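In: I would like to see how this sequence folds:
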Amino acid sequence: MIGYVTLGTNDLQHGAKFYDAIAAEMGVGRMMDFDSFIAWGETGGAPGVALTKPFDGNTASVGNGVMVALEAKDKDQVKRIYDIALAHGGTCEGAPGPRGEGFYAGYFRDPDGNKLNAFVMG
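Out: Numbering: from 1, shown residues only. All right, here's what the predicted structure looks like:
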(Lines give C-alpha, C1' and ligand atoms only; values in the text may rest on other atoms or scores of the structure.)
Protein backbone atom coordinates (compact mmCIF):
# COMPACT_ATOMS: atom_id res chain seq x y z
CA MET A 1 0.00 0.00 0.00
CA ILE A 2 2.82 2.47 0.74
CA GLY A 3 4.54 3.80 -2.38
CA TYR A 4 7.28 5.76 -0.62
CA VAL A 5 8.04 7.75 2.52
CA THR A 6 9.32 11.34 2.40
CA LEU A 7 11.36 12.88 5.21
CA GLY A 8 12.26 16.55 5.57
CA THR A 9 15.80 17.89 5.64
CA ASN A 10 17.50 21.23 6.12
CA ASP A 11 20.73 20.06 4.43
CA LEU A 12 19.95 17.81 1.46
CA GLN A 13 23.55 17.08 0.48
CA HIS A 14 24.56 16.12 4.02
CA GLY A 15 21.48 13.94 4.43
CA ALA A 16 22.07 12.36 1.01
CA LYS A 17 25.43 10.95 2.16
CA PHE A 18 23.66 9.26 5.09
CA TYR A 19 20.99 7.66 2.87
CA ASP A 20 23.42 6.83 0.03
CA ALA A 21 25.40 4.68 2.48
CA ILE A 22 22.36 2.88 3.88
CA ALA A 23 20.85 2.36 0.41
CA ALA A 24 24.13 0.86 -0.84
CA GLU A 25 24.08 -1.68 2.01
CA MET A 26 20.51 -2.57 1.04
CA GLY A 27 21.43 -3.02 -2.63
CA VAL A 28 19.61 0.00 -4.04
CA GLY A 29 20.57 3.47 -5.19
CA ARG A 30 18.99 6.76 -6.08
CA MET A 31 15.89 6.44 -8.25
CA MET A 32 15.22 10.20 -8.39
CA ASP A 33 17.69 13.05 -7.91
CA PHE A 34 16.71 16.73 -8.08
CA ASP A 35 18.03 19.94 -6.51
CA SER A 36 15.57 19.76 -3.61
CA PHE A 37 14.52 16.08 -3.58
CA ILE A 38 16.31 12.71 -3.67
CA ALA A 39 14.65 9.28 -3.50
CA TRP A 40 16.26 5.88 -2.95
CA GLY A 41 14.80 2.51 -3.94
CA GLU A 42 13.83 0.65 -7.08
CA THR A 43 11.38 1.99 -9.64
CA GLY A 44 8.36 -0.29 -9.53
CA GLY A 45 9.80 -2.17 -6.54
CA ALA A 46 9.32 -2.03 -2.80
CA PRO A 47 8.52 1.31 -1.17
CA GLY A 48 11.35 3.83 -1.27
CA VAL A 49 12.58 6.59 1.02
CA ALA A 50 12.85 10.21 -0.12
CA LEU A 51 14.55 13.22 1.44
CA THR A 52 13.36 16.72 0.57
CA LYS A 53 13.58 20.35 1.54
CA PRO A 54 10.07 21.40 2.60
CA PHE A 55 8.02 22.72 -0.32
CA ASP A 56 6.72 25.64 1.76
CA GLY A 57 10.28 26.90 2.38
CA ASN A 58 9.98 26.56 6.15
CA THR A 59 12.46 24.67 8.32
CA ALA A 60 12.10 20.89 8.30
CA SER A 61 11.12 19.39 11.63
CA VAL A 62 10.74 15.89 13.04
CA GLY A 63 7.31 14.37 13.63
CA ASN A 64 6.91 13.05 17.16
CA GLY A 65 5.99 9.37 16.98
CA VAL A 66 6.91 9.09 13.29
CA MET A 67 9.41 6.38 12.28
CA VAL A 68 10.46 4.71 9.05
CA ALA A 69 11.27 0.99 9.27
CA LEU A 70 13.76 -0.49 6.79
CA GLU A 71 13.39 -4.25 6.27
CA ALA A 72 16.76 -6.01 6.38
CA LYS A 73 17.68 -9.46 5.04
CA ASP A 74 18.94 -10.80 8.36
CA LYS A 75 20.23 -9.81 11.81
CA ASP A 76 23.74 -9.17 10.46
CA GLN A 77 22.38 -6.65 8.00
CA VAL A 78 20.39 -4.95 10.77
CA LYS A 79 23.68 -4.43 12.61
CA ARG A 80 25.48 -3.21 9.46
CA ILE A 81 22.74 -0.68 8.65
CA TYR A 82 22.75 0.55 12.25
CA ASP A 83 26.56 0.90 12.21
CA ILE A 84 26.47 2.68 8.83
CA ALA A 85 23.86 5.09 10.15
CA LEU A 86 25.98 6.01 13.18
CA ALA A 87 29.14 6.31 11.05
CA HIS A 88 27.35 8.78 8.74
CA GLY A 89 26.08 11.24 11.33
CA GLY A 90 23.17 9.28 12.76
CA THR A 91 22.50 8.89 16.47
CA CYS A 92 21.51 5.82 18.49
CA GLU A 93 17.90 5.31 19.55
CA GLY A 94 18.40 1.67 20.59
CA ALA A 95 21.18 -0.74 19.67
CA PRO A 96 20.32 -3.79 17.56
CA GLY A 97 18.75 -6.61 19.51
CA PRO A 98 15.58 -8.63 20.04
CA ARG A 99 12.42 -6.61 20.65
CA GLY A 100 9.89 -9.21 21.65
CA GLU A 101 9.42 -12.63 20.15
CA GLY A 102 10.31 -12.87 16.46
CA PHE A 103 11.37 -9.23 15.99
CA TYR A 104 14.96 -7.95 15.86
CA ALA A 105 15.73 -4.26 15.29
CA GLY A 106 18.19 -1.42 15.70
CA TYR A 107 16.92 2.17 16.03
CA PHE A 108 18.63 5.39 14.96
CA ARG A 109 18.03 8.97 13.83
CA ASP A 110 19.35 10.56 10.65
CA PRO A 111 21.35 13.83 10.75
CA ASP A 112 18.08 15.85 10.72
CA GLY A 113 16.62 13.88 13.64
CA ASN A 114 14.19 11.69 11.67
CA LYS A 115 13.75 8.32 13.43
CA LEU A 116 14.35 5.07 11.55
CA ASN A 117 15.00 1.45 12.32
CA ALA A 118 16.39 -1.56 10.53
CA PHE A 119 14.51 -4.75 11.37
CA VAL A 120 13.99 -8.39 10.52
CA MET A 121 11.12 -10.66 11.49
CA GLY A 122 11.68 -14.21 12.61
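
In: So what's the residue count around G41?
Out: Using other CB atoms under 10 Å, G41 has 21 other residues around it. Backbone N, C-alpha and C define where each C-beta goes, glycine included.

In: how far away is it from A50?
Out: Per CB to CB, to the nearest Å, G41 is found 8 Å from A50.

In: and for the two, which residues touch both?
Out: Y4 (CB atoms under 8 Å, 6 or more residues apart in numbering).

In: So which residues of this structure form helices?
Out: 12-25, 75-87 (DSSP state H).

In: For the protein, which segments count as strands?
Out: 4-8, 29-33, 37-41, 48-52, 67-71, 91-98, 103-109, 115-121 (DSSP state E).

In: quick one, which of those is nearest to R80?
Out: With CB to CB as the criterion, R80 lies closest to strand 115-121 of these, at 8.3 Å.

In: circling back to that earlier point, okay if I get the helices of the chain as TSV plus mean neighbour count?
Out: Putting the helices of the chain into TSV (neighbours: other CB atoms under 10 Å) gives the following:
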stretch	mean neighbour count
helix 12-25	18
helix 75-87	19
